[in-house]
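# sequence plus the predicted model coming up.
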Amino acid sequence: MRKIGFSHGCAFKLTDPYAESNINVFKSCGCNAIEINCHSVRELEKFDGLMGILDDFEYKSIHLPVGMKYKNDRATHSVLESIASYYKKIGASLAVVHPDLVDDWRIFDRYASVAWAIENMDDRKKTFKGADDLKRFFTNHENWHLVLDVGHCNANDKSMALADCLISEFKNRIKEMHLSGYTTFHDPLYRTEQVEIIERCKNLDVPIIIESTFEQLDGIEGVSKEFKYILKHLNTPPITSSH
């Protein structure tokens with residue numbers, strides 16, 4: 001089975017992301033992958049509670065905090081040291097950072113044991129959305145990887161031609177895909193029915209992390225609905241693209 005699972009905080013509006021019961025929701029769906037989404041620096045203190053309850057997942061990755069700038073200072077190195085430590089402890093395969101938050105890329109060189117990746121940005125950001133920005137980045141950072149967020153591609157280009165372009169251009173750098181619907185912000189696909197977003201995940205055999213955010217109307221059972229909906233459409237023959 002392809003490695004596929006959820007960002008562990010996708011149901012944060014319904015349950016404590018760091019509770020074992022939350023992790024068990026994903027296990028009960030049949031997920032074999034998980035991404036630990038450390039939304040804020042304060043959440044690093046909660047990582048110890050995850051030790052031992054992630055062992056059943058074949059693939060694990062970490063998403064770095066989004067509420068800070070990454071520069072050459074003590075605070076940044078403290079965060080990166082914690083990330084590198086937990087990365088090793090849980091046996092993670094990838095750590096992803098939003099590139100628009102990085103002021104100094106050299107700080108990551110100290111943590112060479114981590115496989116670092118950037119993520120393509122959505123329509124709210126000014127940079128790292130298209131092929132040109134990403135090409136420039138990888139020209140200077142050959143050891144970095146790409147997490148392709150196909151929902152972000154959709155936010156920038158509803159035709160999905162951008163997604164097709166990025167897959168073609170960076171297929172050898174893409175080590176993970178982020179998947180969600182995108183009408184307002186990371187919506188569940190079983191509600192948006194944007195099958196064209198799921199379609200792009202058929203073009204690469206890399207782990208998929210579902211980033212759909214669940215609301216009260218979805219309930220915790222929405223996690224299972226989303227997983228089943230995505231698997232159903234992943235297992236249908238691909239639609240021939242005109243791009």
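Great, that's in hand.
# C-alpha from now on. contacts and neighbour counts both.
OK.
# direction included, what does the helix or strand hosting Ile34 pair up with?
If you go by DSSP states H and E, Ile34 is part of strand 33-37. Next to strand 33-37 in the sheet, as set by DSSP bridges, lie strand 4-7 (parallel), strand 59-63 (parallel).
# dihedrals phi and psi, the most centrally placed residue in the chain?
In the chain, the centroid-proximal residue (CA atoms, centre = their mean) is His178; its distance is 4.3 Å. For His178, the backbone dihedrals are phi -100, psi 140 (criterion: degrees, to the nearest 10).
# tell me who's in contact with the nearest residue to it once chain neighbours are set aside.
Taking CA to CA, 6 or more residues apart in numbering, and ignoring the residues beside it in sequence, His178 has Asp149 as its nearest neighbour in space, at 4.3 Å. Asp149 makes contact with Glu119, Asn120, Met121, Met177, His178, Leu179, according to CA atoms under 8 Å, 6 or more residues apart in numbering.
# ok, Gly67 next?
Contacts of Gly67 by CA under 8 Å, 6+ apart are His39, Ser40, Val41.
# restricted to buried residues, select the residues you listed in ChimeraX.
The ChimeraX command for the buried members of the contacts of Gly67 (criterion: 16 or more other CA atoms under 10 Å) is given here:
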select :41
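# and which of the contacts of Gly67 is nearest Pro188?
His39 (19.2 Å; CA to CA).
# list the contacts for the closest residue in space to the closest one that isn't next to it in sequence?
Excluding the flanking residues, the one nearest His39 by CA to CA, 6+ apart is Pro65, at 4.6 Å. By CA under 8 Å, 6+ apart, the contact list for Pro65 reads Asn37, Cys38, His39, Ser40, Val41, Val97.
# try it again with 7 Å
Cys38, His39, Ser40, Val41 (CA atoms under 7 Å, 6 or more residues apart in numbering).
# buried set for the longest helix seen in the chain?
If each helix of the chain is counted by residues according to DSSP state H, the longest one is helix 74-90. For helix 74-90, burial by neighbour count (16+ other CA under 10 Å) applies to Thr76, His77, Val79, Leu80, Ile83, Ala84, Tyr86, Tyr87, Ile90.
# now swap in stretch 59-69 and tell me
Buried, per 16+ other CA under 10 Å, within stretch 59-69: Tyr59, Lys60, Ser61, Ile62, His63, Leu64, Pro65, Val66, Lys69.
# thought the last one was touching Asp100?
So the one you mean is Lys69. No: Lys69 lies out of contact with Asp100 (CA atoms under 7 Å); the separation is 8.7 Å.
# show me where the chain has strands.
For the chain, the strands defined by DSSP state E occupy 4-7, 33-37, 59-63, 94-97, 116-119, 145-149, 174-179, 208-210.
# what stretches of this structure score poorly on pLDDT?
Along the chain, the parts satisfying pLDDT under 70 run over 237-243.
# if we use 80, what do you get?
236-243 (pLDDT under 80).
# re earlier: of all the strands paired with strand 33-37, which one is nearest Asn140?
Nearest to Asn140, of those and by CA to CA, is strand 59-63 at 22.2 Å.
# how far does that closest one sit from its chain's centre?
On the basis of CA atoms, centre = their mean, to the nearest Å, strand 59-63 sits 8 Å off its chain's mean C-alpha point.
# please name the residues that touch Met177.
Val147, Leu148, Asp149, Val206, Pro207, Ile208, Ile209.
# export the residues you listed to TSV and tack on distance to Asp218?
Shown next, in TSV, are those (distance: CA to CA, whole Å):
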residue	distance to Asp218
Val147	27
Leu148	26
Asp149	22
Val206	28
Pro207	25
Ile208	21
Ile209	19
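# ok, those residues vs Ile53, which is closest?
Nearest to Ile53 among the contacts of Met177, with distances taken as CA to CA, is Ile209, at 18.1 Å.
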